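In: Fold the stuff below for me.
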Amino acid sequence: MMYHNGLEKELQAENEDLRQRIIELEHAVRTLTEQAGSTAAAEHRTDLFTNLINTLPFPVFYKDAEGIYQGCNEMFTTNIMNRPASEVVGRTLHDLLPHDQADFYQRVDNQALAQGGTQIYERELIFADQQPHTVIFHKAVFQQADGAPGGIVGAMVDITQRKHAEKELHMFKVLAEYAPDAIAVALPNGTVIYANPAFRSMFGYGDATIGMQNGCFFAEHDRLVSIPRIMQIIMNEGAWKGMIEGQRRDGSIFPIQITAFLLCDSQGQPQALPAILRDMSEQKRAEAERVALQQQVIDAQQAALRELSAPLIPIADHIVMMPLIGHIDQGRAQLMMETLLQGVHQHRATMAILDITGVSSVDTAVAHTLVGAAQAVRFLGAQVVLTGIQPQIAQTLVQLGVELPGILTYNSLQAGMTAALHQSAKRGYV
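Out: Okay, the predicted model is just below:
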């Protein structure tokens, strides 16, 4: 990943810088050794050397071929040894460290002296703060005037924070690699530099995903219109979340939920655009099914209400009855007419009984609907019989001036049914 490569490059650059500094220190130590005959010059160079190594931001030490410390900087005495330089210089590892630790460092020092050149290794130490620190040792063997090994100069780089960052990066990568959602990272110019397996599979490009432009993964309209707008929002506001249409390698379109954000460096400069993408096809399909099922339930409920509001009952050949209960408003009256006409046609009825025994009141609109229903039924060749008219309804109809031409009326359902059956018998249906 980009971040991992960045750490490696940073470490390589730092190592190279340390090697150069060690070479300079080695040269300085050799010079001091060669010029030890001049006391004044030696003291001057020693002071200069001490000031030089004390300016370094990491622990530095040097020892002779016998393993006796000849000098070190303040970072070494303060952070590593936790004692003044006077208690370090002139002593060996076994004078300063536990036996097992001293044995280890003595062994690697002997290897360095035997092989010459430089030596680099990683080690975990407990610093003066009593906390564990991961350190990289950079050592180099310096030579005497006759070419024999004169000792070792070394520097230590604390990489604890870098190790923590590497662990976090590794954890992120493992999580990303096994995440069911698609995860990708693009540069600010849109070039994809990381894509987890879910992303590579989602769009069907596989390993070819790396290096592609992020706009290639979206439908044409979104690629031309939405993506530039979204990128601008991310640059201005730092993040964006929403729905967009993705396009697979085979050209198929599918809905995607995207969460994208901007990653900046310590100076606030845009570094990368990580994004998490979720294929919403199943959710959309499930939502459509839910809406369809909900509509089916609504339709079934409405059908049941229609049947309950205006039930039609065949009671004999060519005779149907519709018992009505409760208040009849304009909507129910219209439903009653539709059900009545459909029932008369379906059952080939010649008599249609409307029983309003349970109806408490009617208004002008309802009365006219009854008249209209009677006329429509007559066009189908049937006769409407209205039964169960209550006194208050009869009075209302008179006050409203409503006439019921073509409708036979009876004060009870029994009387109406008797008349209907009689008429049907006369016609030879019963």
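
In: what's the burial count for the nearest residue in space to residue 206 that is not next to it in sequence?
Out: The spatial neighbour of residue 206 that comes closest, neighbours along the chain excluded (Cβ to Cβ, 6 or more residues apart in numbering), is residue 200 at 5.2 Å. Where you see a C-beta, it was placed from the backbone N, CA and C, and this is true even at glycine. Residue 200 has 17 neighbours, counted by other Cβ atoms under 10 Å.

In: And the one 3 residues further on, by the same measure?
Out: Other residues within reach of residue 203, judged by other Cβ under 10 Å, total 25.

In: follow-up on the earlier one: figure out how far the helix or strand encompassing the residue nearest to residue 206 is from the centre of its chain.
Out: Using DSSP states H and E, residue 200 sits within helix 197-203. Centre-to-centre, helix 197-203 and its host chain are 15 Å apart (Cα atoms, centre = their mean, to the nearest Å).

In: quick one on the thing from earlier: please name the residues that touch the residue nearest to residue 206.
Out: Contacts for residue 200 (Cβ atoms under 8 Å, 6 or more residues apart in numbering) come out as 206-207, 209.

In: so how far is residue 100 from it?
Out: Separation of residue 200 from residue 100 (Cβ to Cβ, to the nearest Å): 49 Å.

In: before we move on, the earlier item: drop the exposed ones from the contacts of residue 200 and show what's left.
Out: Using 16 or more other Cβ atoms under 10 Å as the burial test, the contacts of residue 200 include residue 209 as buried.

In: and which of the contacts of residue 200 is nearest residue 108?
Out: residue 207 (42.1 Å; Cβ to Cβ).

In: quick one: secondary structure of that closest one?
Out: helix (DSSP: H, G, I helix; E, B strand; the rest coil).

In: what does residue 389 give?
Out: Applying three-state DSSP to residue 389 yields a three-state assignment of coil.

In: pLDDT value on it, please?
Out: pLDDT recorded at residue 389 is 84.

In: How about the contacts made by it?
Out: Going by Cβ under 8 Å, 6+ apart, residue 389 touches 356, 409-411.

In: who wins for neighbours among those?
Out: residue 356 (21 neighbours).

In: quick one: which helix or strand includes it?
Out: Here residue 356 sits within strand 351-358, counting by DSSP H and E.

In: Check residue 370 too.
Out: helix 364-379.

In: And the contacts of that helix?
Out: For helix 364-379, contacts defined as Cβ under 8 Å, 6+ apart pick out 328-330, 333-334, 336-337, 340-341, 344, 352, 354, 362, 383-384, 386, 397, 400, 402-407.

In: Tell me the buried residues in the longest strand seen in the chain?
Out: In the chain, with assignment by DSSP state E, the single longest strand is strand 132-143. For strand 132-143, burial by neighbour count (16+ other Cβ under 10 Å) applies to 133-143.

In: Would you format these as JSON lines with distance to residue 57 included?
Out: Shown next, in JSON lines, are those (distance: Cβ to Cβ, whole Å):
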{"residue": "133", "distance to residue 57": "15"}
{"residue": "134", "distance to residue 57": "17"}
{"residue": "135", "distance to residue 57": "14"}
{"residue": "136", "distance to residue 57": "14"}
{"residue": "137", "distance to residue 57": "16"}
{"residue": "138", "distance to residue 57": "14"}
{"residue": "139", "distance to residue 57": "18"}
{"residue": "140", "distance to residue 57": "19"}
{"residue": "141", "distance to residue 57": "24"}
{"residue": "142", "distance to residue 57": "22"}
{"residue": "143", "distance to residue 57": "27"}
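
In: can you pull out the helices in the stretch 101-250 of the chain?
Out: Per DSSP state H, counting those that start in this stretch, the stretch 101-250 of the chain carries helices over the ranges 160-178, 197-203, 220-221, 227-237.

In: Residue 352 versus residue 381, what's the distance?
Out: As judged by Cβ to Cβ, residue 381 and residue 352 stand 11 Å apart.

In: neighbour-wise, which of these two wins?
Out: Taking neighbours as other Cβ under 10 Å, residue 381 and residue 352 compare with residue 352 leading, 26 against 11.
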